[in-house]
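Q: let's see this in three dimensions:
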Amino acid sequence: MSNTEIKPEDSRETAYAGILSFLRFPYSRDLDKADIAVLGVPYDLGTTNRSGARSGPRAIREQSSLVGEYEWGVWPWDYHLSDRHHLVDYGDICDFTAYPERMTAELERMAGEIISRDTALLSLGGDHFISLPLLRAHVKKHGPLALVHFDAHTDTWVDDSYNHGTMFYHAIQEGLIDVDHSIQVGIRTPNPDTFGLQIIDAIMMNNMSNSDIAGAIHDRVGDRKAYLSFDIDFLDPAYAPGTGTPVSGGATIMQGREILRGLRGLTIVGGDLVEVAPAYDPIGSVTALAAATLACDILYLISETLTRD
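A: Reported below is the predicted structural model:
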């Protein structure tokens, strides 16, 4: 780390001031000492409904200054991430803005480069299609992964095209996902073929406790390495209106957080948080704030995996 980098403990500006990095972690592409990197992927050309998720990473970073303003960590976690690991904000990958055909290979390359340095990766979308190249990169290092997927949609539509509703179909066809140990939670749209994935749909979720849902995920994943993908439309539009394909009947923010915290003990090797489209927030950046909070919870799960390793 260079002498010019700003460390989290050196940057206690008020929430409305200071640099626009995730949780004020240093912007850096020096991975020599980085345990975890946060990467923004401002891409939304895989969107089939309302566009705008390309603005998600910036909005999430902005709201993360509110989430991470306390030096003792993010409530209710009882430590600061930087107490255990060195984290960096790797910035954005932006070499494909108007060229979707470039995005898949470029994101897979950059993510693979980060992961190959033994740096875990959390990516901020962007639309959900980015999970396909991210999974490809993770699988090159870890082998086929269990998928823990929070969403209103299964994203397994059978179609040769590449968009944010087909990427997990392609991932299954490519053998990236260990379907026998993968699970989708919060689904509330038609899913004609589960492809062997376990599904806890929104009705089931509504009739289960948060701890029971987390327990079902533990039972399904077991001791396998897992990739966690969180689409913000898992939340009900009352809590996350700023997304491209909102579906009524979803979870509350606290329900999402409690389920995530219940996943402590799983081996979460990487993840993404996607589909924040801040232009559809009526006021106050409420969706980006929820996303920044949930992204912190995913970072803590990755951090605890690294600590156990």
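
Q: with adjacent residues omitted, what lies nearest to T189?
A: Once flanking residues are discounted, T189 sits nearest to H153: 5.0 Å by CB to CB, 6 or more residues apart in numbering. In short, each C-beta sits where N, CA and C put it, glycine included.

Q: D231 is in contact with that neighbour, correct?
A: Yes - between H153 and D231 there is a contact at 7.3 Å, judged by CB atoms under 8 Å.

Q: the residue nearest to T189: what's it in contact with?
A: G165, I187, T189, D231, D233, T245, V247 (CB atoms under 8 Å, 6 or more residues apart in numbering).

Q: tabulate those residues (JSON lines), appending distance to D83 and secondary structure.
A: Formatted as JSON lines, the contacts of H153 follow (distance: CB to CB, whole Å; DSSP: H, G, I helix; E, B strand; the rest coil):
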{"residue": "G165", "distance to D83": "40", "secondary structure": "coil"}
{"residue": "I187", "distance to D83": "36", "secondary structure": "strand"}
{"residue": "T189", "distance to D83": "40", "secondary structure": "coil"}
{"residue": "D231", "distance to D83": "30", "secondary structure": "strand"}
{"residue": "D233", "distance to D83": "33", "secondary structure": "helix"}
{"residue": "T245", "distance to D83": "38", "secondary structure": "coil"}
{"residue": "V247", "distance to D83": "38", "secondary structure": "coil"}
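
Q: and the strands in this protein?
A: With DSSP state E applied, the chain shows strands at 36-41, 87-92, 120-125, 146-150, 183-187, 198-201, 225-231, 267-274, listed in chain order.

Q: direction included, what does the first one pair against?
A: Strand partners for strand 36-41, identified by DSSP bridges, are recorded as strand 87-92 (parallel), strand 120-125 (parallel).

Q: for it, buried residues please.
A: I36, A37, V38, L39, G40, V41 (16 or more other CB atoms under 10 Å).

Q: contacting residues for the residue lying closest to the last one once chain neighbours are set aside?
A: Nearest-residue entry for V41: G126, 3.9 Å, with adjacent residues in sequence omitted and distances by CB to CB, 6+ apart. With CB under 8 Å, 6+ apart as the criterion, the residues that contact G126 are G40, V41, P42, Y43, D44, A53, R54, G56, P57, V274, E275.

Q: the first one touches L124, doesn't it?
A: Yes - at 5.0 Å, G40 and L124 qualify as touching, with contact defined as CB under 8 Å.

Q: what residues do those two have in common as contacts?
A: With CB under 8 Å, 6+ apart, G40 and L124 have common neighbours P57, R61.

Q: hang on, the earlier thing: got the strands of the chain as CSV, with mean pLDDT and distance to G175 columns?
A: Formatted as CSV, the strands of the chain follow (pLDDT from 0 to 100; distance: least, CB to CB, whole Å):
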stretch, mean pLDDT, distance to G175
strand 36-41, 98, 23
strand 87-92, 97, 28
strand 120-125, 97, 21
strand 146-150, 98, 12
strand 183-187, 98, 18
strand 198-201, 98, 18
strand 225-231, 98, 14
strand 267-274, 98, 17
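
Q: would you turn these into TSV with distance to P282?
A: Output for the strands of the chain, formatted as TSV (distance: least, CB to CB, whole Å):
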stretch	distance to P282
strand 36-41	24
strand 87-92	26
strand 120-125	21
strand 146-150	23
strand 183-187	23
strand 198-201	28
strand 225-231	20
strand 267-274	21
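
Q: low pLDDT regions in the stretch 201-309 of the chain?
A: Residues of the stretch 201-309 of the chain meeting the criterion pLDDT under 70: none.

Q: which residue ranges form the helices in it?
A: Taking DSSP state H, counting those that start in this stretch as the test, the helices found in the stretch 201-309 of the chain are 202-206, 210-221, 253-261, 286-308.

Q: need the winner for burial among those helices.
A: Highest mean neighbour count among these (mean count of other CB atoms under 10 Å): helix 286-308, with a mean of 22.

Q: okay, now G249: neighbour count?
A: Residues near G249, counting by other CB atoms under 10 Å, number 14.

Q: hmm, it is touching T189, no?
A: No - assessed by CB under 8 Å, G249 is found out of contact with T189, at 10.0 Å.

Q: so who does R84 touch?
A: So R84 contacts S303, L306, T307 (CB under 8 Å, 6+ apart).

Q: any idea how far L132 is from the second one?
A: Applying CB to CB, to the nearest Å, one obtains 25 Å for the distance of L306 from L132.

Q: ok, now the first one?
A: In this structure, S303 and L132 are 25 Å apart, going by CB to CB.
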